[in-house]
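# Task: produce atomic coordinates for the following.
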Amino acid sequence: MTSATAQTPISPEQITQLTDSRQWAQPTPAPICSARFKQAAADFQVDELLEVELSGAGEHLWLLIKKSGMNTSFVAVQLAKWAKIPSRDVGYSGLKDRQAVTTQWFSLRIPKGELPESRFDDFITANLNSESESVQVLKKAWHSKKLNRGTHKANKFVIRLTDIELNPKVAATTAKADEILTVISKAGVPNYFGEQRFGRQGNNIASVLEWFEQGTINGRKPHPKKSRDLQSLLLSSARSAIFNQIVSTRVEQNCWDKALEGDVFNLNGSGSVFSVEQIDQEIQQRLASGDIHPTAPLWGIKNDKVGGAAKALEQQVVAQNTILQRLAQGLEKKELKTMRRATRLPVNDLSWTWPDEQSLILQFTLPTGTFATSVLASLVTDLTQ
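Next up, the predicted model:
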């Protein structure tokens, strides 16, 4: 790979190009110019879909909690305080937004099965600072195992968009938006990482380059253990920036949902990937049906599964952008092994209603590890909170 100048300052424009969803290509023009979301917690609802049969016995208490105005980590800390157990003994599958109404499972390791006299609902309510914050335990059951990260397979979303302005450049009406939503329900959307992966104003990109090239984060040398979560986040940000640019290029070339020679494919609904010697009719049919998807790299070393035109495209995208070169070099020096992620995101069970011409309510289900904002970006050019 071509060497990049390590210490070249990054301009805000360069960061915007990589981290602003308005810069990423879409298969069709967005029918909505602008809209707001998350004006209230109830405008963004997320329900965790967990397929685990709880045994009813064991040292782990599983709680299904509905919460508003607080994130997952805060509730986990409060659960540990309530049960008087170490934070490491509280488990959850995924992180959920603060500005939302969410339901998700938590587990608490309580070896003797002795619970506090107070209910958790009452305990946490006494520690809340705002009327917009609330917690309710919906279900509880004992189980033999801790709830680990990534256990749930999908999330169900109910999202309200308000203050909608339709796009006059495509003669957009609510009927035109309906047409595009119908296409999305069948074809999916580009599987971009959401803007939130890059931090406020994309600051994670500057931070990860500082770490790669100077060995510091925000001017300080990171502690090997205490900053492990931050380092993991920065590595993910670097990989996400490269991935998004490759997907955007494939959208521009109309091959984000079609096969390129040398492609690596993902089996829908799984983490399995495979390559083939030839793109035959069977592969084309499986792509068209959504059974498999093309992939792009989560950059690292040993990127040996991809070949041909697909590999040439990926290398060209990185080679043409100095920031991507520097990110790729840093990831390789960290010796992360390349992984593959689908370029297409199926939007399952998509339905919608228009309470009026300025409001749209969307319902859909996405696999874990994907972003609802990627669906919204295909509909709305300028989405603000």
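# rest of the way, CA atoms for contacts and neighbours
Will do.
# where in the stretch 101-250 of the chain is pLDDT low?
Applying pLDDT under 70 to the stretch 101-250 of the chain flags no residue at all.
# can you pull out the helices in it?
120-125, 174-187, 203-214, 228-252 (DSSP state H, counting those that start in this stretch).
# Not counting the third one itself, show me its contacts.
If you take Cα atoms under 8 Å, 6 or more residues apart in numbering as the criterion, helix 203-214 is touched by 6-7, 10, 15, 198, 216-218, 234-235, 237-238, 326-327, 330.
# orientation of that helix relative to helix 228-252 in degrees?
110 degrees (axes from the mean of the first three to the mean of the last three Cα atoms, to 10 degrees).
# which of the residues in helix 203-214 are buried?
203-212 (16 or more other Cα atoms under 10 Å).
# quick revisit: JSON lines please, covering the helices of the stretch 101-250 of the chain and showing distance to Gln281.
Formatted as JSON lines, the helices of the stretch 101-250 of the chain follow (distance: least, Cα to Cα, whole Å):
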{"stretch": "helix 120-125", "distance to Gln281": "57"}
{"stretch": "helix 174-187", "distance to Gln281": "19"}
{"stretch": "helix 203-214", "distance to Gln281": "41"}
{"stretch": "helix 228-252", "distance to Gln281": "21"}
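# of all these, which lies closest to Asp43?
helix 174-187 (19.1 Å; Cα to Cα).
# Just the terminal-to-terminal distance for stretch 258-277.
16 Å (Cα to Cα, to the nearest Å).
# Can you name the residues in contact with the longest strand anywhere in the chain?
In the chain, assigned by DSSP state E, the strand with the most residues is strand 154-166. Strand 154-166 is contacted from outside by 31-38, 43-50, 172-174, 357-368, 372, using Cα under 8 Å, 6+ apart.
# Could you do stretch 321-339 as well?
For stretch 321-339, contacts defined as Cα under 8 Å, 6+ apart pick out 1-4, 6, 10, 14, 208-209, 212-213, 235, 238-239, 241-242, 297-303, 318-319.
# picking that back up, what two of the buried residues of helix 203-214 are the furthest from one another?
Once Cα to Cα is applied, those give Asn203 and Phe212 as the farthest pair, at 14.5 Å.
# Please give me every residue in contact with the nearest residue to Asp382 once chain neighbours are set aside.
Distances taken as Cα to Cα, 6 or more residues apart in numbering place Ser34 nearest to Asp382, at 4.5 Å, with adjacent residues excluded. Listed by Cα under 8 Å, 6+ apart, the contact set of Ser34 reads 163-166, 380-384.
# Please, which helix or strand holds Ser34?
strand 32-36 (DSSP states H and E).
# just the CA coordinates of the strand or helix carrying Asp382, formatted as CSV?
Per DSSP H and E, Asp382 falls inside strand 380-384. C-alpha atoms of strand 380-384 as CSV (Å, rounded to 0.1, in the frame of the first residue of the first chain):
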residue,chain,number,x,y,z
VAL,A,380,-34.1,11.5,4.4
THR,A,381,-31.3,13.7,3.2
ASP,A,382,-31.1,15.9,6.3
LEU,A,383,-32.2,14.2,9.4
THR,A,384,-31.9,16.1,12.7
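# what are the pairing partners of that strand, and which direction each?
strand 32-36 (parallel) (DSSP bridges).
# and the helix or strand that the strand it pairs with is followed by, which strands flank it?
Sequence order places strand 44-49 as the next helix or strand after strand 32-36, per DSSP H and E. Strand pairing for strand 44-49, using DSSP bridges, gives strand 101-109 (parallel), strand 154-166 (antiparallel).
# which residues are in contact with strand 44-49?
Contacts of strand 44-49 (Cα under 8 Å, 6+ apart): 37-38, 96, 99-105, 152-160.
# Measure how the helix or strand following it sits relative to strand 101-109, angle-wise.
Downstream of strand 44-49, the first helix or strand assigned by DSSP H and E is strand 60-68. Here the directions of strand 60-68 and strand 101-109 differ by 160 degrees (the same axes, to 10 degrees).
# so what secondary structure elements neighbour strand 60-68?
In terms of contacts (3 or more Cα pairs under 8 Å, 6 or more residues apart in numbering; DSSP states H and E), strand 60-68 is packed against strand 101-109, strand 134-143.
# in the very next helix or strand once past that strand, what's buried?
Per DSSP H and E, the first helix or strand lying C-terminal to strand 60-68 is helix 72-83. Using 16+ other Cα under 10 Å as the test for burial, helix 72-83 gives 72, 75-76, 78-80, 82-83.
# What of stretch 142-150?
Buried-residue list, stretch 142-150, by 16+ other Cα under 10 Å: 142-143, 145-147.
# List the buried residues of stretch 189-201.
Buried positions in stretch 189-201, judged by neighbour count with 16+ other Cα under 10 Å: 189-195, 197-198.
# How far away from the center of its chain is it?
7 Å (Cα atoms, centre = their mean, to the nearest Å).
# who's in contact with that stretch?
So stretch 189-201 is in contact with 15-16, 19-21, 26-27, 202, 204-205, 236-237, 240, 243-244, 247, 251, 256, 342-347, 370-375, 378, going by Cα under 8 Å, 6+ apart.
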